[in-house]
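Visitor: build me a structure from this.
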Amino acid sequence: MKVAFHTLGCKVNHYETEAIKEAFVSRGAEVVGEEEFADVYIINTCTVTNIADRKSRQFIRRVKRVNPDAIVAVTGCYAQVAAEEVAEMPEVDLVVGNGRKSEICGLVMRKLQEAQEEAMPAEEHSLGSGAEEACAEPKSADILVLPRSALTDYEDMGQVTSAGEGMIRAYLKIQDGCDRFCSYCLIPYARGPVRSRPKDEIIEELRGMLGNGFREIVLTGINTALYGTEDGADCSLSELLTAIDDMECPEGEDFRIRLSSLEPTVVDKDNVEEIIRHRRLCHHLHLSVQSGSSSVLRSMNRHYSREEYLDIVRAIRDYDPLFGITTDIIVGFPGETQEDFNDSLDIVRQTGFGRTHVFRYSPRRGTAGAAMKDAVPESVKKERAAVLESLGSETADAFIRANRGSVHRVLIEESVDDHATGYTGNYIKVYIHDPEGKLKAGEFVDAVTADVFRDGAIARLAN
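Guide: Numbers count the residues shown, from 1 in each chain. Predicted coordinates for the structure are as follows:
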């Protein structure tokens, strides 16, 4: 049996796809490329934007053209919040919600067996009596989706030891769910309430990833900052990081930890100060601001002000002036004025983000934002996004230049055009001249960064 996978969206989705993939491999399946001929296609969807929904539908139709007889199973956030809509697509055989991803392999195997059993009588009939073949009626897709209220337990998908990129960086899911209900976001509805993974399971999986050669582990979740905040959780995020700091590792298994993101809706200045002191944690945080305007933040139901966000940034930069901070910003949220947008430009300048990811607001049916008035015209959104992207590029280059002459620990990932490339702890991609290919993927080196080069910085090995 050949099975192909396609994943849209966040790091959590990519991690969960890897868990599903490992389940199929353990049953003897052969994994092929996402658009190759396969017996089964698993599509793990995203629903952050309307575009994500559309991309999911497009890919579903595309793979069914590759093999019209294939089983197509759709899972993820789009499948969770719009199960009936997905099931109505004639190409879809199975719709599985987020709380049941661990069951996908067994469900698909059952579907394949049913298809084989149904085909057998038809074959015998064609060889036998000569009676007219009955026309099979089209069947609707099976839907297995739990309501949000039933998503109460962390879903155990087994030990995942290969959820990474090029055997260097791995994603390790520690948390699921969100209870913030930002007015633009469907994810709390798609992922359910907060559930944290037990510390001992995380440590065990981390050891397996290190044993497989990964050297940077990205702790990820739907809202990672909420790890350990629900009743009954066995430790906080800071306590988990302390446990990781205290791990004893065999020689040659040195590693570092990166957090996929932290939400200022959850953390404040004091929380951040507690988190960033951990020795294995990279000096980089993705801290989504979403808007520089306190007025817009209130409309977004973000539980902080502009000044409170800047307080977090000051605490981080007091700890390390070269601490890397990346962010997301939405432009064109309903009611956003030119003054509000100017506040967003100003917060980008003040913070000096290493990267700024810009999104044009997309109303999502079922969210509070979708019912808001004072919509910003698409032409204005597009213009503001272009201005913000340009400023984000300027601040990214300025951050690289601020690091000139600094020594950074770099994890080598690959070789590109006579250069070894990798990332610093504060998330600058560096290029080290290495025409003989002496630097190997998975190796840590100390490097001195220089000026902007390509999509990062040129660097040389430290003495």
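Visitor: only C-alpha atoms from now on, for both contacts and neighbour counts.
Guide: Will do.
Visitor: how close does residue 316 sit to residue 353?
Guide: Note on residue 316: its distance to residue 353, by CA to CA, to the nearest Å, is 12 Å.
Visitor: which of those two has more neighbours?
Guide: residue 353 (26 against 23; other CA atoms under 10 Å).
Visitor: so the more buried one sits right up against residue 326, yeah?
Guide: Yes - shown here, residue 353 and residue 326 form a contact pair, counting by CA atoms under 8 Å, at 5.2 Å.
Visitor: domains of the chain?
Guide: 2-146, 407-461 (automatic domain parsing).
Visitor: please give the element, helix or strand, for residue 185.
Guide: Using DSSP states H and E, residue 185 is not contained in any helix or strand.
Visitor: settle this for me: it is touching residue 365, isn't it.
Guide: No - Residue 185 lies out of contact with residue 365 (CA under 8 Å); the separation is 9.6 Å.
Visitor: and those two? which has more neighbours close in?
Guide: residue 185 (23 against 13).
Visitor: ok, so what distance separates the more buried one from residue 230?
Guide: Computed as CA to CA, the residue 185 to residue 230 distance reads 21 Å.
Visitor: now residue 245
Guide: Separation of residue 245 from residue 230 (CA to CA): 23 Å.
Visitor: what's the answer for residue 318, then?
Guide: Distance of residue 318 to residue 230, computed by CA to CA: 30 Å.
Visitor: what does residue 343 give?
Guide: Applying CA to CA, the value for residue 343 to residue 230 is 34 Å.
Visitor: what number of residues lie near residue 71?
Guide: Applying other CA under 10 Å, we find 24 other residues in the vicinity of residue 71.
Visitor: where does the stretch 51-200 of the chain dip in pLDDT?
Guide: Applying pLDDT under 70 to the stretch 51-200 of the chain picks out residues 121-139, 162-167.
Visitor: how about a cut-off of 50?
Guide: Judged by pLDDT under 50, the stretch 51-200 of the chain has its weakly predicted residues at 125-137.
Visitor: now do the strands in the stretch 201-350 of the chain.
Guide: Counting by DSSP state E, counting those that start in this stretch, one finds strands in the stretch 201-350 of the chain at the ranges 216-221, 256-259, 284-286, 324-331.
Visitor: the first one - what's its average pLDDT?
Guide: Translated: strand 216-221. The average of the pLDDT scores along strand 216-221 is 96.
Visitor: do the same with the third one
Guide: The predicted model gives strand 284-286 an average pLDDT of 97.
Visitor: for it, packing partners?
Guide: strand 256-259, strand 324-331 (3 or more CA pairs under 8 Å, 6 or more residues apart in numbering; DSSP states H and E).
Visitor: out of those, nearest to residue 377?
Guide: Counting by CA to CA, residue 377 lies closest to strand 324-331 out of the helices and strands packed on strand 284-286; the figure is 11.0 Å.
Visitor: quick one: contacts of that closest one?
Guide: Strand 324-331 has contacts (CA atoms under 8 Å, 6 or more residues apart in numbering) with 283-291, 341, 344, 351-361, 381, 384-385, 426-427.
Visitor: buried stuff in it?
Guide: With burial defined by 16 or more other CA atoms under 10 Å, the residues of strand 324-331 counted as buried are 324, 325, 326, 327, 329, 330, 331.
Visitor: for residue 271, see how far away the third one is.
Guide: By that I understand residue 326. Residue 326 is 18 Å from residue 271, by CA to CA.
Visitor: likewise for the fifth one?
Guide: In this view, residue 329 and residue 271 are 22 Å apart by CA to CA.
Visitor: residue 96 too?
Guide: Noted for residue 96: a distance of 36 Å to residue 271, by CA to CA.
Visitor: can you check residue 168 too?
Guide: Look at residue 168 and residue 271: by CA to CA, they are 29 Å apart.
Visitor: who has more neighbours out of the two?
Guide: More crowded of residue 168 and residue 271, by other CA under 10 Å: residue 168, with 22 against 15.
Visitor: can you list the domains of the chain in TSV and add distance to residue 154?
Guide: Conversion of those to TSV gives the following (distance: least, CA to CA, whole Å):
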stretch	distance to residue 154
domain 2-146	8
domain 407-461	30
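Visitor: can you show me the helices along this structure?
Guide: Here the chain has its helices, by DSSP state H, at 11-26, 50-66, 77-81, 83-87, 104-127, 187-191, 199-211, 237-245, 269-275, 294-299, 306-319, 338-351, 378-402.
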